[in-house]
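> Mind folding the following:
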Amino acid sequence: MQAFLIYIFSLLLATGVCLQCEQCSSNTDGCTGVPQLCGKYENACMILTTEITIGKEKWLATFKGCTKAKHCMPSPMSSTYPSQRRRSASSCCRKDLCNSGTVTLPRLGVIPNGLKCPGCYSEDPRCPPTELLTCNGWENNCVYYDVSIEQNGKIHHQARRGCGTKFACMNKPQIFGVPGMYMEIVKTAQCTPAPKLLMKPK
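Numbering: from 1, shown residues only. Below is the predicted model of the structure:
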């Protein structure tokens, strides 16, 4: 029986029916894992690295695995929220074990660019603005997301407003990530060009 299963597995790989992707996760900017046989509707291999900075503390994570091509995240992107900055980079491909490498996080802009956006971070999906944020670098859009994040079998809900780069700009619901490891379900998304700061007369 075992020999028969091995034969079927080999046959599926030979005919290209099932995609294989490296699967792993870590709290660093990379990871190395084992081959994973993807499901019937999983047609892409993903690498996703995300960094969240809150004050002087940083949360870093990398995920690799099988996903759907429509769940691939635009990359790279960065965004700024009250007391928090985020950046991420990802890559999707459609060949066996093509996600064995790493991705490079974008640099966070540190120079104000003259634009401003309302900011908030809340469990309330309305996310009333609590402050006016000064955007930095290439963050030239005002973004709003109402999201659910699934990780380690837990679901977290949050809404956030702030400044975002080109690829952080979304105006429709999206789902990103690797099923069973990390998924970000954007239920509501809004993006508008950030207005310039008004200079006060002296």
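
> going forward, measure contacts between C-alpha atoms and count neighbours the same way
Noted.

> Near A168, how many other residues are there?
23 (other Cα atoms under 10 Å).

> Next, the contact list for the closest residue in space to N136 that isn't next to it in sequence, please.
What sits nearest to N136 in space, not counting adjacent residues and going by Cα to Cα, 6 or more residues apart in numbering, is P112, at 4.2 Å. Contacts for P112 (Cα atoms under 8 Å, 6 or more residues apart in numbering) come out as T134, C135, N136, G137.

> Okay, P112 and N140: tell me how far apart.
Separation of P112 from N140 (Cα to Cα, to the nearest Å): 10 Å.

> can you give me the helices in this protein?
2-15 (DSSP state H).

> where are the low-confidence patches of it?
Regions of the chain meeting the criterion pLDDT under 70 cover residues 1-17, 197-202.

> returning to that earlier point: out of the contacts of P112, who's nearest Q20?
G137 (38.1 Å; Cα to Cα).

> For that closest one, give me its contacts.
G137 touches L108, G109, V110, I111, P112, N113, counting by Cα under 8 Å, 6+ apart.

> ok, and the closest non-adjacent residue to it?
G137's closest residue in space is G109 (Cα to Cα, 6+ apart), at 4.0 Å.

> And the one you found, how close does it get to K58?
16 Å.

> likewise S148?
21 Å.

> Check C93 too.
Taking Cα to Cα, one finds C93 at 28 Å from K58.

> Now L132: closest residue in space that isn't a chain neighbour?
P118 (4.6 Å).

> tell me the contacts of the one you found?
So P118 contacts P129, T130, E131, L132, L133, C142, R161, G162 (Cα under 8 Å, 6+ apart).
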